[in-house]
Structures are given as structure tokens and as C-alpha cells.
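Student: missing the sequence, but the structure's below:
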């Protein structure tokens, strides 16, 4: 009886040691890093700060940030699940969300407050001078609504001008070549345009809340890796707070990563949103201070233009649960 009991105990201990040894030799497979794609818009740079300062590692999540010249160019790859998340203007992802409804907007990076503008050649000194002229903007993006709002301010409509498809970084070159007379540009391209002598006819200061920038994540990632997403969000806001508290050090990090001059990095014209401001933005409202209201504004605009045959549901698109 005595020997039998010790035999069972020995057998149990032996099996336990084998299990432990197997786990040491072949540990549970590690999850890949979250892959987030971003471009040079200053409001997306908390990603760089969080990476450089080790905030992602501090929160226990591995994140790979991938730079692209223009977030719109990376949108097809994001839609194909080559990236887990993307930083992009709210008005630029809505038309895509119809064909790829498996995405959610989890936070607002910033609100453009002058860092987006319509530039024009020196011969054009007023919005009314644009009548019959060619204006460059990315068709199907926030730029169309932005320019429409500008024309509305002077009693004009989109029928008074000719739209030409052009990205923000292409606008300056096309204006230099005379291919367009005006165009929608944003930082850092906006500053380049002003240095080239182009006039600012209209800026996002006159459309408060109309151009928010957001982070969108695939819903299967939100479901399967909710802890990692929460850690990512915490690290993001650490990056936001660091930039606000140590702007000079933050600018050096950003400039180094983007291969830009330090003095070209600025939050001028950009309202970088902290956690509490995000919670306020996700609260329903009747002005563009509310993301839901602004989202519905874009949905209505693109639906009217025939770009959204099956409009997305703004409430389902916005997910504020990771801000808790």
C-alpha cells in the first residue's frame, strides 16, 4: 500500500516535470506585433513618440509602426488586413468602410484647426476669383466637403469650379506647373506652399471640428486582442501627453524618424486630443464637436454625391469602449 502510494506520487511528479519541460522547450506561440500604418501628418506622431520612448513596451504591447507617404495610398492594404490599424482623416475612410465594414474608429487623434487650407496662385486673391478655375483635391476624401464648405461661405457651389483629383503633396507641384489654380493642402505641404508664394484662401480654422483625424482598427483585432488594443491606447495618450509637456524633445524624435528638419515639425493649427477630449468627442451632439454628428455629415455628403449607395451606420462605426 505504502509503495503503491509513492509510486503514484512519483508518477504524477514525473508527468508534471515533463509538461513543464515541454512548455519551456516549446512555449506558447507569441502574438505578432500590432501593425499600424501612418503618414507624416503631425497629429499621428504620438505613434513615433510612444515607440521611441518605450511607452508601448511599458504597457506590455508590441507595436510595429509603418510609415507611408499618404495614408490613402495605404488604405487598400489596410482593407486587405495587411495592417491592423491605420491613422487617417475621418472623411477619407468613410467611402472605404462601405466595402470593408469590418472596421471601427477607436479614438480621435486630433482636430485640424488651421493646418488644412486651400492654397491658390498669387493671381487669385479671393474665393470668388475661383469661379471657373481648377481646384485640386483627393476626390472621395474630406477635401471635397472642405472645399464645398469654402464655396458655400461665398454663396458659390461646386458647379462654379472644376475639381481635379490631386493629393495634398501633389497640389504644390501641380500649381507650380499651372495644372491647377488652387488646391487643398495640409501640413507639412501647406508650409511648403506658402514658402513658394501661394495664397491661403481658406483654412480649417473656419470649419471647426470638420476635419478630425482618427485611428481605425479591424474589428476582429479588437475582439481577439482587446488587451493589446487597450495597452496601445494607453501608450498613445502617453505619447500625446509627452509631446505637450516636452515639445522640443518630441519634435527632435519626430524629425529624425521622418527625415525632416526639426523646425518643420509643429502642432500649429492642430488640436491634439487627450483622453478626456476624446471622451467628449465621442459623446453624441448636434455640432461638429461630436464625432457622430461629423461622421453623419460626411455620410450625407458622400451619399448625395452618389459615392455611398449603402451608407454605413455612424453609431456602429464609432467604438469608444477602449477610452474607458
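Tutor: Perfect, I can see it now. Everything numeric in this text was worked out from a predicted model, so none of it was measured.

Student: pull the longest strand from this protein.
Tutor: strand 103-112 (DSSP state E).

Student: give the rounded mean pLDDT of that strand.
Tutor: Regarding strand 103-112, the rounded mean pLDDT is 97.

Student: so what does the next helix or strand after it touch, helix or strand wise?
Tutor: Going down the chain from strand 103-112, the next helix or strand is strand 116-120, by DSSP states H and E. Where contact means 3 or more CB pairs under 8 Å, 6 or more residues apart in numbering; DSSP states H and E, strand 116-120 is packed against helix 142-152, helix 168-176, strand 182-186, helix 189-195, strand 199-203. C-beta coordinates here come from the backbone N, C-alpha and C atoms, glycine included.

Student: distance check, residue 56 against residue 43.
Tutor: Residue 56 sits 18 Å away from residue 43, taking CB to CB, to the nearest Å as the criterion.

Student: my reading is that residue 267 lies in a helix. Confirm?
Tutor: No. Counting by DSSP: H, G, I helix; E, B strand; the rest coil, residue 267 falls outside a helix, being coil.

Student: count the neighbours of it for me.
Tutor: Counted with other CB atoms under 10 Å, residues neighbouring residue 267 total 19.

Student: got a pLDDT number for it?
Tutor: As predicted, residue 267 sits at a pLDDT of 93.

Student: and the one 3 residues further on, by the same measure?
Tutor: The predicted local confidence for residue 270 comes out at a pLDDT of 95.

Student: surely it is in contact with residue 110?
Tutor: Yes. Using CB atoms under 8 Å, residue 270 is in contact with residue 110, at 5.1 Å.

Student: identify the contacts common to those two.
Tutor: Shared contacts of residue 270 and residue 110, defined by CB atoms under 8 Å, 6 or more residues apart in numbering, are found at 42-43.

Student: which residues does residue 83 contact?
Tutor: By CB under 8 Å, 6+ apart, the residues touching residue 83 are 35-37, 66, 74, 77.

Student: got the phi/psi numbers for it?
Tutor: phi -130, psi 150 (degrees, to the nearest 10).

Student: quick one: it from residue 156, how far?
Tutor: 39 Å.

Student: any idea how far the residue nearest the centre of the chain lies from residue 248?
Tutor: In the chain, the centroid-proximal residue (CA atoms, centre = their mean) is residue 87; its distance is 2.3 Å. Going from residue 87 to residue 248 by CB to CB gives 23 Å.

Student: repeat for residue 101
Tutor: Taking CB to CB, one finds residue 101 at 42 Å from residue 248.

Student: can you map out the strands along this structure?
Tutor: Under DSSP E, the chain gives strands at 34-38, 63-67, 85-89, 103-112, 116-120, 134-137, 162-165, 182-186, 199-203, 212-218, 270-272.

Student: and those as JSON lines, adding distance to residue 303?
Tutor: As requested, the strands of the chain are exported to JSON lines (distance: least, CB to CB, whole Å):
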{"stretch": "strand 34-38", "distance to residue 303": "27"}
{"stretch": "strand 63-67", "distance to residue 303": "32"}
{"stretch": "strand 85-89", "distance to residue 303": "18"}
{"stretch": "strand 103-112", "distance to residue 303": "18"}
{"stretch": "strand 116-120", "distance to residue 303": "23"}
{"stretch": "strand 134-137", "distance to residue 303": "19"}
{"stretch": "strand 162-165", "distance to residue 303": "18"}
{"stretch": "strand 182-186", "distance to residue 303": "21"}
{"stretch": "strand 199-203", "distance to residue 303": "24"}
{"stretch": "strand 212-218", "distance to residue 303": "19"}
{"stretch": "strand 270-272", "distance to residue 303": "28"}
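
Student: so which of the ones you listed gets nearest residue 280?
Tutor: Of all these, it is strand 103-112 that lies closest to residue 280, at 9.7 Å by CB to CB.

Student: mind giving me the packing neighbours of that closest one?
Tutor: Using 3+ CB pairs under 8 Å, 6+ apart: strand 103-112 touches helix 90-99, strand 212-218, helix 219-224, helix 226-245, strand 270-272, helix 275-281, helix 314-317.

Student: residue 283 is in contact with residue 277, isn't it?
Tutor: No. Residue 283 lies out of contact with residue 277 (CB under 8 Å); the separation is 10.7 Å.
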